[in-house]
Every structure is written in structure tokens, then in C-alpha cells.
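Undergrad: Turn this into a model:
(one chain, ligands or ions: 1)
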Amino acid sequence: MTTLVRGAWVLTMAGKGRLRDAAVAIAPDGSIAEVGAWDELRRRFEDSAVEGDGDGIVLPGFVNAHTHLTEALIPGMGEDATLWDWFTRVVGPTGAVITREDVRIGTRLKAAEMLLSGITSVSDMSCHRNLGSEASLGAADGLEEMGLRGVVSFGAEDVYPGAPGPELFLAEHEALADRAAAASLLSFRAGVGTILGISRPLLERTVAACREHDWGVHTHLSEVREEVVASRLEHGLTTVAYAAQQGLLDRPVAAAHCIWCTRRDLSLMRRREVAIVHNPVANMILASGVCPVPALLERGFVVALGTDGAASNDNQDMFGVLKTAALLHKVSSLDPTVLSAREILELATIGGARALGLDDRVGSIEPGKRGDVVLLDGATPELATIHDPWQQVVYCATARCVSDVWVDGIRRVRAGRLVDGDVRELAREARAAAVELVRRAELSESALLPEPELL
Ligand SMILES: [Zn+2]
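TA: As a prediction, the model looks like this:
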């Protein structure tokens, strides 16, 4: 049966962008049949089910374009650390012992958090050093079980003592690509954890495999200043220039951060149509810097938004990302007009879809696209009075306003609760796995916290 999702506003993120007293018709095959005025759609689809009382806001599902589901079980640690310090103390030790089952369990928990904050598509880069375990496949397992759309990748890095040769890394890329191909809503990209963290032989093999299999790339670029300094010392080039020289940027690339790019870096990336994923919350927690989003948009870059990993955000709440992005650019430019609420929402929807090569399917509400749709409840303290729906979503709404979520036309959230799965049960499962993971990684309290000052 066709479902009509009705709102006081439908933010289509296409064409005019917003429709008043309108609805979206989701066809039984999961596609969007029509979007338009409520009266007209009610007449046309008279036998359809109706969801929404006409007071809320309907919008495309958010695209979380960068996260690390391998961090799902280790949030809330290392608030005092910058990137490299945080990695050494928190992420590295757990990454050495994490298993596919740990990642699957953590992914299920974070998938619940994402769905309940209106995220319908996610691009994951699972990072670990437990080679041979194929732990990254756990993210695909968990996403498929929870019904999210996703692009999965394994963030390979081999610059560390005792790292195996390239074969095991390539084998995991291929295994993950096969796993994604077996799931209807998943696709695959080759992950390059960081440019500095990968040896030249593995990078060359990765680029060759991308050419052979027609894989896109998911990586981090120019995240912190130390990275660019170290790259100049090692390669005589910035990380962006080195990645371009190695041919990595000739693939479709989604690059997280891009905070410390030179003018030449930006030209290199723009020519190659590299998409940039801005992760404002993680950048602020780790004190990494400010990605120049307004300047990137002026240059014509595709820009998306991401939460970044559960250990560097430290949640997967897209509303927090929207508002933080808006506020960060206002305060860093001292210009309240620098990015409009509509522009912020574009980054979180159609911008994300373009960055991941999914814009033929999702990112906007248009006939023929897939039914990835979110209904925000108007009967909430945050959305009771809607003057400007763009600003209302970015500055007023929270995940508490998410009433219903459809992914590929299947309802995954109903009246603010998961349709399949119980959050208490997911939490119980994750809690036990997290305790065990931290024990295996030997993360002691002193590894997480600075030594107390002796007075
Ligand atoms: Zn990241």
C-alpha cells in the first residue's frame, strides 16, 4: 500500500526546496511516487495509509558521510587529547584486539542512535589493527541487520611496528567489498586510514586495486597541522599533493576534514572533484581546527557533513552536527550570514548523497528516488511553532523530535521508537562487549586520564 507522509512543511532539498501543507507518497516498492500539495495527493492516493498529522516537518533522511563504527564501544574517553595523543591512548589499543563480533554489536547500537536522529545513510570507515580478523565486516553485518543504507570501508594503515604485508590489507578490502555486494543497501569504498599512516607499497597496491575494481575511496586528509608538517618532511609534499601524485585522488574520493589545505591543495582537489566531509564536532573536541566550508562552497566543492567516530564526537547525533556546523562557522568568521540554515541542511542531505555517489537514489525527496524519509513531530516543545522550517530544523530540533523514519521505503522508526529491535536490549549487549573489549585492550584508567597533579 502507498504511504502518504504529511507535514506542515516538506523540505524536498530539490527545486523550490520547501512545500507548505504537503506530503510525500512512498510507493509499495519503496520508491518515492510523488511529492506535492496535501489536498492533491490525498485525492490521487485515496486508499493510502497516512502518517503525520500535518503539523510536523518532512525531510530526506540525513546522510552521515563519515564515521568509524569500530569506535562504537569506546566513546567518552580522551577529552583532554589532540588527535595523535587520542589515537595512541584510546583507539590504537582497542583496534589491536577488536573482532568482527565486537564491531557488529557496536554497529547495531550506533545504528539505533543514527536512526533515532534521522540518519538513513552512513559512510563508515572501520579502522583496526587486528589483521586477519576481518573486523571491518562487522560494520556491514550490523548495518544490514538494522536496515540502514551505507557505504562501508576498511581504513587500512600499515605504518606501525609488526604490521603485516599488503596482502592481508587487500584481502580485507576484497572481503568487505564482497560482503557489501551481498547486501541490498550497502556499497563499498577502499579505505585509506590516513596518507601518513600507509606505506608507499600498500598505497600503490590500493590505487591499483581501485583501478582494477572501479572502487571509490574514503580517507582522511589534512586533519591536523602536524600531519602536513610531517608529510612535508617525509615526502616533500603536503598530504594532499602526495595523495594526488600517487594517483589516489583520481578515483571518486570522499575526504574527511581538509582543514589545513593550502591554495594549491584546494586546486588539486577541486580539479579532481574530491568531495569533502566536514565533521565539526570531532574537529572541536580534538581541537584540530576549522574546515573552511564557506570558501569550499564558493569554489564549487561538494561538501557533506559527518559525525565522525563514536570516540571523537562522541555520539552519532546528526542534529548536534547541524547546529555545531552552523555555530562554528558563524563564530570563526564573525559573520552570522556565512552559512544559511538551508545550506547546512543541504550539506547534511543532498551534499552527503553527492559525496558518496548516492545522489541518484537519496539526498532529496523527488519522484523516482528511494524512500529515505524522516518525519519530525510538530507536537514537541522544539517544533510547536514553525516560522522558518529551515532554521527550525537546524537550530531548534533535536533527536527527540524524530517521530518516524523510512529507509528504502521500510519504516525503521515509529513514534520515536525502533520498529525492529529494543534499545535496552542493544544497550545490554553493547555494555557487555565494551567491558570485555576494554579489558582485552588493557585500557586502564591511567591510560585514559592524565596523571593527577601532585600538590
Ligand atoms: Zn574520522
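Undergrad: residues from the stretch 151-300 of the chain in reach of the ion?
TA: A256 (Cβ under 5 Å from the ion). Any C-beta I mention is one placed from the backbone N, CA and C, and that applies to glycine too.
Undergrad: ok, 8 Å please
TA: The stretch 151-300 of the chain has residues G155, H220, E223, A256, H257, N279, A282 near the ion, with proximity defined as Cβ under 8 Å from the ion.
Undergrad: Run through the bridge partners of the fifth one.
TA: Read that as H257. L221 (DSSP bridges).
Undergrad: So it sits against R225, correct?
TA: No - when contacts are counted by Cβ atoms under 8 Å, H257 is not listed as touching R225 (11.6 Å).
Undergrad: So for those two, which sits in the more crowded spot?
TA: Neighbours per residue (other Cβ atoms under 10 Å) separate H257 from R225, with H257 holding more: 26 against 12.
Undergrad: Now do the same contact list for the more buried one.
TA: Listed by Cβ atoms under 8 Å, 6 or more residues apart in numbering, the contact set of H257 reads H220, L221, S222, E223, I276, V277, H278, N279, N283, S288, C291.
Undergrad: Could you verify my assumption that the second one touches A244?
TA: By that I understand L221. No - between L221 and A244 there is no contact under Cβ under 8 Å: 10.3 Å.
Undergrad: Compare the two and say which is more crowded by neighbours.
TA: More crowded of L221 and A244, by other Cβ under 10 Å: L221, with 29 against 21.
Undergrad: contact partners of stretch 220-234?
TA: Contacts for stretch 220-234 (Cβ under 8 Å, 6+ apart): 82-84, 155, 193-196, 237-240, 242-243, 255-261, 265, 274, 283, 286, 288-289.
Undergrad: Buried among the residues you listed? Make that a PyMOL selection.
TA: In PyMOL syntax, the buried subset of those is picked out as below (16 or more other Cβ atoms under 10 Å):
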select buried, resi 83+155+193+194+195+196+237+238+239+240+242+243+255+256+257+258+259+260+261+265+274+283+286+288+289
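Undergrad: now, which of the contacts of stretch 220-234 lie within helices?
TA: L83, W84, T239, V240, Y242, A243, D265, N283 (DSSP state H).
Undergrad: quick one: the third one and P201, what's the gap?
TA: Using Cβ to Cβ, to the nearest Å, one gets 18 Å for the distance from T239 to P201.
Undergrad: now swap in the first one and tell me
TA: Using Cβ to Cβ, one obtains 25 Å as the distance from L83 to P201.
Undergrad: Over to R271?
TA: Taking Cβ to Cβ, one finds R271 at 27 Å from P201.
Undergrad: go on, P336?
TA: 49 Å.
Undergrad: E226 now?
TA: 24 Å.
Undergrad: Who has more neighbours out of those two?
TA: E226 (14 against 11).
Undergrad: Just the element for that one, please.
TA: Element membership of E226, judged by DSSP states H and E, is helix 225-235.
Undergrad: List the buried residues for that helix?
TA: For helix 225-235, using 16+ other Cβ under 10 Å, the buried residues are E227, V228, S231, H235.
Undergrad: which one is the third one nearest to, not counting chain neighbours?
TA: Meaning S231. Setting aside the residues directly before and after it, S231 is nearest to T239 in space (Cβ to Cβ, 6 or more residues apart in numbering), at 4.4 Å.
Undergrad: Please list all residues in contact with that neighbour.
TA: T194, I195, L196, L221, S222, E227, V228, S231.
Undergrad: Likewise for R414?
TA: When contacts are counted by Cβ under 8 Å, 6+ apart, R414 touches D404.
Undergrad: Same list, the buried residues of helix 225-235, but as JSON lines with pLDDT please.
TA: Rendered in JSON lines, the data for the buried residues of helix 225-235 read as follows (pLDDT from 0 to 100):
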{"residue": "E227", "pLDDT": "94"}
{"residue": "V228", "pLDDT": "94"}
{"residue": "S231", "pLDDT": "95"}
{"residue": "H235", "pLDDT": "95"}
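Undergrad: Find the closest residue to the ion in the stretch 151-300 of the chain.
TA: Closest to the ion within the stretch 151-300 of the chain is A256: 5.0 Å, counting by Cβ to the ion.
Undergrad: I'd assumed T194 was in contact with that residue.
TA: No - using Cβ under 8 Å, A256 makes no contact with T194, being 9.8 Å away.
Undergrad: Which neighbours do these two have in common?
TA: T219, H220, E223.
Undergrad: Could you count how many residues lie near the last one?
TA: Right, E223. A count of nearby residues for E223, using other Cβ under 10 Å, gives 25.
Undergrad: per-residue confidence for it?
TA: pLDDT for E223: 95.
Undergrad: before we move on, what about the second one?
TA: Model confidence at H220, given as pLDDT, is 97.
Undergrad: just E453 next, same as before
TA: Value for E453, per-residue pLDDT: 58.
Undergrad: before we move on, what about T88?
TA: pLDDT recorded at T88 is 82.
Undergrad: any idea how far the ion is from it?
TA: 16 Å (Cβ to the ion, to the nearest Å).
Undergrad: Neighbours of that residue, how many?
TA: There are 13 residues near T88, going by other Cβ under 10 Å.
Undergrad: Tell me the secondary structure of it, please.
TA: helix (DSSP: H, G, I helix; E, B strand; the rest coil).
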